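Engineer: Sequence first, then the predicted structure:
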Amino acid sequence: MTHEITVIPGDGIGQEVTPAAVEVLEALEIDFEFHEAEAGDHVAEETGEALPEETYDLAASTDATLFGAAGETAADVILPLREAVDSFVNVRPAKAYPGVDALRPETDLVFLRENTEGVYSGHEDRLSDDLSTLTRVVTTSASERLAEFACDFVEDGEYDGFHIAHKANVMRETDGRFRDAVLEVADDRGVQTEEVLMDAFATHVCLDPTQFDVVACPNLAGDVLSDLAAGLVGGLGMLPSANVGPDRGLFEPVHGSAPDIAGEGVANPAATIISAAMLLEYLGHDEEGQAVRDAVEGVLEDGPRTPDLGGDASTEDVTAAILERLN
Ligand code: ATP
Ligand code: MG
C-alpha cells in the first residue's frame, strides 16, 4: 500500500528542515508518494492568499501531511490545515534530548490537547465600548473523543495511566463536563486517571516533572502548559508535534520559521525529523518510527551538532549523520 503524503515546507527554515525529514522518510523501505504543496508568507506575497485551495485539498485528502513552518501568516495556514485533517487532538511530547541544555533534563511528558473547542472556538463578542465577552464551548462528544485517544495512547505506550488537567473547581459547567466525560471513558476502559488542577500543575511540573507522564487537557490549558514544558526541556529545535484526526494527521515541529537563521543552512532538523517519526507511527510503522527516533537521539548524543546546540554543523551534515545511523 502506498501512503500519500502532502509536504508543505512553508517559510524560512521550513524550506530547510522539511526536505531533510523527507529524505529520512525516503530512506525507509516504505512506499510513499509525496505531494509537495505551497503555503505561507511567500505565497501570500504573490497571490494574496497564504493557503492555496490546492494545498488545503491535498491535506484534506492524503493520509498525512508534513508541515515545516509559516511566518507572519502562521495562523492563516495552520488553523485551516488542522481543520483539513479534522484533527481533534494535538499531541505534544516534551522530552529533554541528549546534548540539550535543559532546565529540567529529567522531563519526559506527553500532552494530549483537545484541539477543536474550549475558548478557541472563536465566539467572541464586543457588546459595548466597555465590554467584550467570550463563549467557551465544551461538548461531551469532543471530550470523549479525546479520552478514547488518551486511553489508546496509554495502552499502546504502556503507561500506567494519565493525568487530567482542568479547572473544574471554578469552571464547573465547562471543565466539569470535560472532566466528567474523560473520567467516565477512562473508567469504562479500565485506564487509571488522576485529576490535577491546571494552575497547580504549572507549579508541580516545574518543581518535579517526573510526577507526570501523559497529560490530557482542554484546548487553552494544553496550549499554555505544553509551552511551559517546552521551556523546561529547552531546545525548540527538538520538539515535534502531531495533529491527529480520525483518518489523517498533520505533523509539524513546534518551532516557527526562525527568520533569524533562515537561508543559512544551519537549522536543526531534529524536531521535523522526530515529527516524521510520529507520522510513521500514526501510519502504523512503529518499528521504523522508533528507528528514526533512535537515529536522531544517537546523533544528538555523539554526532555533529547545529549551532543552536553549540556545534558548527549544517542541516545537511546532521541529516547525513542521521541517515547513516539509520542504514
Ligand atoms: P515565527 O514567527 O515563524 O514563529 P520566530 O521568530 O518566533 O518565528 P521561532 O522559529 O519560533 O522563531 O524560533 C525562536 C528562536 O529559536 C529563534 O532564535 C530561532 O533561530 C531558534 N530556532 C527555532 N527553531 C530552530 C531550529 N530548528 N534550529 C535552530 N534554531 C531554531
Ligand atoms: Mg515563534
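Structural biologist: Yep, that arrived. Residues are numbered from 1 along each chain as shown. Ligands and ions are numbered 1, 2, ... in the order given.
Engineer: May I see the buried residues of stretch 93-102?
Structural biologist: By neighbour count on 16 or more other CB atoms under 10 Å, the buried set for stretch 93-102 is 93-97, 99-100, 102. C-betas here are computed from N, CA, C, even on glycine.
Engineer: can you list these in JSON lines and add pLDDT?
Structural biologist: Formatted as JSON lines, the buried residues of stretch 93-102 follow (pLDDT from 0 to 100):
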{"residue": "93", "pLDDT": "96"}
{"residue": "94", "pLDDT": "95"}
{"residue": "95", "pLDDT": "94"}
{"residue": "96", "pLDDT": "91"}
{"residue": "97", "pLDDT": "87"}
{"residue": "99", "pLDDT": "77"}
{"residue": "100", "pLDDT": "84"}
{"residue": "102", "pLDDT": "91"}
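Engineer: Adding secondary structure and distance to residue 140, write those residues out as CSV.
Structural biologist: Converted to CSV, the buried residues of stretch 93-102 look like this (DSSP: H, G, I helix; E, B strand; the rest coil; distance: CB to CB, whole Å):
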residue, secondary structure, distance to residue 140
93, strand, 27
94, strand, 28
95, strand, 32
96, coil, 36
97, coil, 38
99, coil, 44
100, coil, 40
102, coil, 38
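Engineer: so which of the residues you listed would you say is closest to residue 301?
Structural biologist: residue 99 (6.2 Å; CB to CB).
Engineer: Look up the closest residue to that closest one, ignoring the ones flanking it.
Structural biologist: Ranked by CB to CB, 6 or more residues apart in numbering and with sequence neighbours excluded, the top spatial neighbour of residue 99 is residue 300, at 4.5 Å.
Engineer: which residues sit in contact with the one you found?
Structural biologist: Neighbouring residues of residue 300 by CB atoms under 8 Å, 6 or more residues apart in numbering: 97-100, 238, 270, 309.
Engineer: Recalculate using a threshold of 7 Å.
Structural biologist: By CB atoms under 7 Å, 6 or more residues apart in numbering, the contact set of residue 300 is 97-99, 270.
Engineer: Tell me where the model's unsure across this protein.
Structural biologist: Applying pLDDT under 70 to the chain flags the ranges 122.
Engineer: hmm, 80 instead?
Structural biologist: Within the chain, the ranges that satisfy pLDDT under 80 run 99, 121-122, 235.
Engineer: Spell out which parts of it neighbour ligand 1.
Structural biologist: Proximity of the chain to ligand 1 (CB under 6 Å from any ligand atom) is limited to residues 13, 17, 69, 71, 236-237, 255-261, 267-268, 271, 306, 308.
Engineer: re earlier: ligand 1: which of the contacts of residue 300 is nearest?
Structural biologist: Distance ranking of the contacts of residue 300 against ligand 1, using CB to the nearest ligand atom, places residue 270 first at 7.3 Å.
Engineer: Surely the closest one touches residue 237?
Structural biologist: Yes - Residue 270 is in contact with residue 237 according to CB atoms under 7 Å; the separation is 5.8 Å.
Engineer: Restricted to strands, list the residues of the chain next to ligand 1.
Structural biologist: If you go by DSSP state E, those have residue 69 in strands.
Engineer: Please, where are all the helices along the stretch 201-327 of the chain?
Structural biologist: Per DSSP state H, counting those that start in this stretch, the stretch 201-327 of the chain carries helices over the ranges 219-233, 270-282, 286-302, 315-326.
Engineer: Now distance to residue 143 too, for these, in CSV please.
Structural biologist: Shown next, in CSV, are the helices of the stretch 201-327 of the chain (distance: least, CB to CB, whole Å):
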stretch, distance to residue 143
helix 219-233, 11
helix 270-282, 22
helix 286-302, 27
helix 315-326, 38
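Engineer: Skipping adjacent residues, who's closest to the residue in the stretch 201-327 of the chain positioned nearest to ligand 1 in space?
Structural biologist: In the stretch 201-327 of the chain, the residue found nearest to ligand 1 is residue 256; the distance is 2.1 Å by CB to the nearest ligand atom. Excluding the flanking residues, the one nearest residue 256 by CB to CB, 6+ apart is residue 69, at 5.1 Å.
Engineer: so who does that neighbour touch?
Structural biologist: Taking CB under 7 Å, 6+ apart, we find residue 69 in contact with 10-14, 253, 255-257.
Engineer: TSV for these, including neighbour count and distance to residue 200?
Structural biologist: Output for the contacts of residue 69, formatted as TSV (neighbours: other CB atoms under 10 Å; distance: CB to CB, whole Å):
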residue	neighbour count	distance to residue 200
10	30	37
11	26	38
12	25	37
13	30	36
14	27	37
253	31	30
255	25	29
256	17	30
257	23	35
